[in-house]
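Novice: Here you go, sequence then predicted model.
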Amino acid sequence: MCIKVEQLDIKYKIDFNTPKLIALCGSACTGKTTISIKMAEYISYNKNVPVVFFSLETEKEMIKSKIKNYNSNLFIVDTPGISIVDIYKTVKELKRDKGIKFVIIDYLQLISYDKSKCLSRDIEIENICKELKKLVEELNIPILVTSHISRNCNSIIDKKDRLQVIDEKIFLRQNIKS
């Protein structure tokens with residue numbers, strides 16, 4: 001099944017005036033990065049909404065090469081291993097200076113956290129999500145973050161890709177057998 005970003009926007013109504021933390025989740029190679037890049041392009045170009053795209057895995061030039069309508073409303077940050085503190089600072093600066101109204105982070109597990117706290121990675125991810133929720137509320141803007149789902153899910157998966165939205169979480173995965 002092929003779903004266009006325009007269809008997502010119409011079906012799931014990304015409201016730039018309502019703060020939300022949205023998770024785009026899926027197993028490996030299900031198109032999370034591609035969809036998030038297309039969303040950034042569509043929203044910044046077609047909706048004329050300033051967007052910041054944090055790419056923690058792919059270089060800025062590679063992202064730009066995948067975008068047909070690159071424009072001045074799209075800001076790409078490609079700092080590998082960026083910390084949640086630096087994301088927080090960057091988003092606040094871009095909101096103040098450029099009027100950012102939507103944030104996309106690709107992807108959650110690559111955000112670094114303060115290692116001095118010696119937490120398990122699960123607790124670190126939980127704390128990163130709490131920080132992102134605080135940022136959403138403080139700046140009153142939606143944030144979409146891509147995330148890998150557990151490889152254990154692959155044992156119950158069929159071959160066709162499917163996009164599923166459950167409460168503000170968008171799951172990209174293969175069809176689950178009933």
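Specialist: It's in.
Novice: after the one helix or strand Lys130 maps to, next one along is what?
Specialist: Per DSSP states H and E, Lys130 falls inside helix 121-139. Once the chain leaves helix 121-139, the next helix or strand it forms, by DSSP H and E, is strand 143-148.
Novice: Which strands or helices does that following strand pack on?
Specialist: Secondary-structure packing of strand 143-148 (3 or more Cβ pairs under 8 Å, 6 or more residues apart in numbering; DSSP states H and E): strand 21-26, helix 32-45, strand 102-106, helix 121-139. To be clear about C-beta, it is placed using only N, CA and C from the backbone, and glycine gets the same treatment.
Novice: Now do the longest one against strand 21-26, angle only.
Specialist: The reference is to helix 121-139. Going by axes from the mean of the first three to the mean of the last three Cα atoms, to 10 degrees, helix 121-139 is angled at 140 degrees with respect to strand 21-26.
Novice: same thing with the shortest one?
Specialist: Counting by the same axes, to 10 degrees, strand 102-106 points 30 degrees away from the direction of strand 21-26.
Novice: Report the backbone C-alpha coordinates of strand 102-106 in CSV.
Specialist: Taking C-alpha atoms only, strand 102-106 is exported to CSV below (Å, rounded to 0.1, in the frame of the first residue of the first chain):
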residue,chain,number,x,y,z
PHE,A,102,7.0,22.0,13.4
VAL,A,103,9.9,19.8,14.5
ILE,A,104,10.9,16.4,13.0
ILE,A,105,13.6,14.2,14.7
ASP,A,106,15.0,11.2,12.9
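Novice: What residues does the spatially most central residue of the chain make contact with?
Specialist: Nearest to the geometric centre of the chain sits Val145, at 2.7 Å (Cα atoms, centre = their mean). Contacts for Val145 were tallied using Cβ atoms under 8 Å, 6 or more residues apart in numbering; they are Leu21, Ile22, Ala23, Leu24, Ile104, Ile105, Asp106, Tyr107, Leu108, Leu132.
Novice: how deep is the spatially closest residue to it that is not a sequence neighbour tucked in, by neighbour count?
Specialist: Leaving aside its sequence neighbours, Val145 sits nearest to Ile105 (Cβ to Cβ, 6 or more residues apart in numbering; 4.4 Å). Other residues lying near Ile105 total 26 when counted by other Cβ atoms under 10 Å.
Novice: Double-check Ile105 against Thr146; I have them as touching.
Specialist: Yes: using Cβ atoms under 8 Å, Ile105 is in contact with Thr146, at 7.1 Å.
Novice: Backbone dihedrals for the residue nearest to Pro142 when sequence neighbours are not counted, please?
Specialist: Excluding its sequence neighbours, the residue lying closest to Pro142 (Cβ to Cβ, 6+ apart) is Lys20, at 4.7 Å. Backbone torsions for Lys20, taken as degrees, to the nearest 10, come to phi -150, psi 150.
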